[in-house]
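Trainee: Generate coordinates for the sequence data below:
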Amino acid sequence: MTSRKIGYASPEQTAEKRSRQRWLSILAKADIADLESLFNNLPSKPDWTVIRAPEVGMIMARGRAGGTGQRFNLGEVTVTRCAVRLDYGATGHGYVMGRNRRHAELVAVVDAMMLIPSRREALESALIAPLAMRQTQHHQQVARKVAATKVDFFTMVRGD
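Mentor: Predicted coordinates for the structure are as follows:
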């Protein structure tokens with residue numbers, strides 16, 4: 001009998017958790033038109049049952065002073081959540097900022113599909129990677145616009 005600490009996660013479980021967090025983040029931040037288009041182009045889509053219908057609510061967004069300091073409540077944010085079960089048993093969850101019920105449902109469906117190891121690689125290349133690439137391109141475009149308006153201030157010291 002092996003002893004395990006309560007709350008201990010094996011390296012495999014930790015890697016799996018980080019992987020799931022990554023794809024859920026990409027899906028939640030995706031443009032709904034892009035997600036819908038890529039999802040519709042999938043060769044085989046499963047049937048699913050909605051466990052928790054998409055519902056809109058509020059959560060408290062928290063921040064940190066200076067990014068790493070003391071936590072504080074920033075304000076409330078509207079989110080939509082959904083849970084689905086695929087016909088072959090996998091259960092997925094979707095949370096998105098805003099009120100887009102279809103977006104939350106698609107995130108939940110894709111999450112459930114990604115939990116099936118045999119489907120993960122195909123979904124990663126057909127759906128997750130293109131969405132991640134579009135998000136990276138968008139962030140780079142915004143960064144270029146911001147850099148174009150950057151002003152460098154400097155101080156000259158007078159010698160009196």
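Trainee: Which residues does the helix or strand where Gln140 lies contact?
Mentor: Applying DSSP states H and E as the criterion places Gln140 in helix 129-148. With contact meaning Cβ atoms under 8 Å, 6 or more residues apart in numbering, helix 129-148 is reached by 26-27, 29-31, 34-35, 38. No exception for glycine: its C-beta is placed from N, CA and C like everyone else's.
Trainee: In the chain, where is pLDDT below threshold?
Mentor: Low-confidence regions of the chain, defined here as pLDDT under 70, cover residues 1-7, 156, 159-160.
Trainee: What's the separation between the residue most central in space within it and Ala147?
Mentor: Note on the chain: the residue nearest the mean C-alpha position is Ser25, at 1.2 Å, using Cα atoms, centre = their mean. According to Cβ to Cβ, to the nearest Å, Ser25 stands 25 Å off from Ala147.
Trainee: any chance you could map the strands in the protein?
Mentor: Assigned by DSSP state E, the chain shows strands spanning 48-64, 71-86, 91-97.
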